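>>> Here is my input, please return the structure:
(2 chains)
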There are 2 protein chains.
Amino acid sequence: MPKKVNHEQRRNKIAEAAWRVILENGMEGATVRKIAEKAGLSLGALRYYFSNQEDLILYSMRLVKERASERIERIIHRDGSPKQKMLDVLLEIVPTNKQTRAEMEVWFTFVSYARYHPHLLEEEGDGILAAIQLMFEYMETNGLLRPGVDRQLEIERLYAMVDGLALHAMLEPERLTEKQVEKVIASQLEVICE
Amino acid sequence: MPKKVNHEQRRNKIAEAAWRVILENGMEGATVRKIAEKAGLSLGALRYYFSNQEDLILYSMRLVKERASERIERIIHRDGSPKQKMLDVLLEIVPTNKQTRAEMEVWFTFVSYARYHPHLLEEEGDGILAAIQLMFEYMETNGLLRPGVDRQLEIERLYAMVDGLALHAMLEPERLTEKQVEKVIASQLEVICE
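Coordinates of the predicted model:
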C-alpha cells in the first residue's frame, strides 16, 4: 500500500519550519532554501507544496492566526463563568509563554515586513479588534455590560491595552510577568463588566 | 570669509534623509548610498559625518527620540493645568499627525530590525515607560493621584494603553482618529487623577 501523505499536515510542518527560520533570521533571511532545509525537505519537495516564497509566507501567517483562533475556540467552549472565559481569551492574545511569544514574534516580524511589501497585506489583519467587538456584543446580549459604559470608547481602550500588553510581553518578557498581565486585564474587565 | 558649516545641523539633515529612505525602503533598503543621494551629498561627504551605516542609523534613531523629548519638554514648560499637560504629553507619544506618524514608523521599523541585529540594541529603549513612571511620581508629589490607586498596576495599564494606541494610530490612521485617541487617554487619566 502506498504511503498516504496528509497534505495539510505536510504544509503545516513546512509553515512551522518557516516560523523557526523567521525567528532566527528575520523575514528577509527566510529564503525558501533555508525553510526547506529546516523542514528536512528537498527544494523540489517543498515547491510541490508551495510554488513560491510568497505563498509559503502567507500560509505560515494564516497558520499563526488559525492556531490562536483554535485555542480561543477551545476556551469559549469549555466550562466556566463568562467573565473568566473573557479573561482567558484576552490572556490568550497576550503572549505569556514561550510558544505564544514565538508566534507573536513571527507575526510582528511579518507585519513590519509587509509594510514595505504592501501586496502581502491582502490579509485582513490579526482579527483582534473583531474579536473584542464580538466580546462586547456577547456581554451586551447577556446583560454583562456595566450600565452607562461608553461601548465605543471601551472597545478602543481594551483593544489598545491588549495590543500594548502583547507588545510589551514580547519585547520585555523578563519585566512583564504573566501575573502582571493578568492583573491589568482583570482590572480592565472590572471596569467594563458587572 | 570661509563658510561655517554647523556640523550638528548637517548630521541632523543626513539623519532626516535616512528617515525618508527608511520610510520608503524599510531598514534593509536604507543603504548609505541611497541616504547620501536623498541628502544631496556625495558618498565621501556623508562618510565625513558618519564613518559607517550603523553609526548613521543609530544617530538617526537617537534623533527620533530627541525630537519627541524636545516636544515633551516644551509641553511641560508651558502654561496650563498639570492634568492638561499630562494629557498633552501622552498625546505627543501617540502619533496623530503626519510628522509624528512618520517618526513612529521609522522607530517601529528600527525596533523590528534591531531584533535580528541585537548589537544595535545598545540603546535604552524608547523611554516611554520611564516617562510614565516620572509622571506618576509627579502626580504623587503634587497630590494628584487618586487615593487607593494601585500605582504599579496603573503604570502598567497606562503604558500598555499608550503603546497600543500608538501602534493602532500608526497602522490604522483612517480608523483611529485623533479625537478618539484623546478620548481614550483622557478617560484613563480620569481613573488615575483626582
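
>>> Who's the closest spatial neighbour of A:H168, skipping the chain neighbours?
A:L176 (5.0 Å; C-beta to C-beta, 6 or more residues apart in numbering or on different chains). Every C-beta, even on glycine, is put in place using the N, C-alpha and C of the backbone.

>>> no wait, A:E182
Counting by C-beta to C-beta, 6+ apart, the residue nearest A:E182 is A:L91, at 6.2 Å.

>>> secondary structure element for that neighbour?
helix A:82-93 (DSSP states H and E).

>>> quick one, the following helix or strand past that helix and helix A:82-93 angle?
The element immediately downstream of helix A:82-93 (helix or strand, assigned by DSSP H and E) is helix A:98-114. With axes from the mean of the first three to the mean of the last three C-alpha atoms, to 10 degrees applied, the angle from helix A:98-114 to helix A:82-93 works out at 60 degrees.

>>> now whichever helix or strand comes after helix A:98-114: how far from the chain's centre is it?
The helix or strand immediately downstream of helix A:98-114 is helix A:128-141, counting by DSSP H and E. Helix A:128-141 has its C-alpha centroid displaced from the chain centroid by 17 Å (C-alpha atoms, centre = their mean, to the nearest Å).

>>> what is the mean pLDDT for helix A:128-141?
Averaged across helix A:128-141, the pLDDT comes to 91.

>>> so that helix versus helix A:82-93, what angle?
With the same axes, to 10 degrees defining the directions, helix A:128-141 sits at 180 degrees from helix A:82-93.

>>> next one: phi and psi at the residue nearest to A:H168?
When read as degrees, to the nearest 10, the backbone of A:L176 gives phi -100, psi 100.

>>> Identify the residues contacting stretch A:90-104?
Residues outside stretch A:90-104 that contact it (C-beta atoms under 8 Å, 6 or more residues apart in numbering or on different chains) are A:19, A:23, A:64, A:67-68, A:71-72, A:75, A:128, A:131, A:158, A:162, A:165-166, A:169-170, A:173, A:178, A:181-182, A:185, A:189.

>>> got the CA positions of it in PDB?
Coordinates of each C-alpha in stretch A:90-104 appear next as PDB, following Å, rounded to 0.1, in the frame of the first residue of the first chain:
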ATOM      1  CA  LEU A  90      -7.700  38.000  26.300                       C
ATOM      2  CA  LEU A  91      -4.800  36.300  28.100                       C
ATOM      3  CA  GLU A  92      -4.500  34.100  25.000                       C
ATOM      4  CA  ILE A  93      -3.900  37.100  22.900                       C
ATOM      5  CA  VAL A  94      -1.100  38.400  25.100                       C
ATOM      6  CA  PRO A  95       1.900  36.100  24.700                       C
ATOM      7  CA  THR A  96       2.900  34.900  28.200                       C
ATOM      8  CA  ASN A  97       4.600  31.600  27.300                       C
ATOM      9  CA  LYS A  98       7.400  30.600  25.000                       C
ATOM     10  CA  GLN A  99       5.200  29.300  22.300                       C
ATOM     11  CA  THR A 100       2.800  32.200  22.100                       C
ATOM     12  CA  ARG A 101       5.700  34.600  22.300                       C
ATOM     13  CA  ALA A 102       7.300  32.900  19.400                       C
ATOM     14  CA  GLU A 103       4.000  33.200  17.400                       C
ATOM     15  CA  MET A 104       3.700  36.800  18.300                       C
END
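
>>> quick check: mean pLDDT across that stretch?
Rounded mean pLDDT across stretch A:90-104 is 90.

>>> Please point out which parts of it sit buried.
By neighbour count on 16 or more other C-beta atoms under 10 Å in any protein chain shown, the buried set for stretch A:90-104 is A:L90, A:L91, A:E92, A:I93, A:V94, A:P95, A:T96, A:T100, A:R101, A:A102, A:E103, A:M104.
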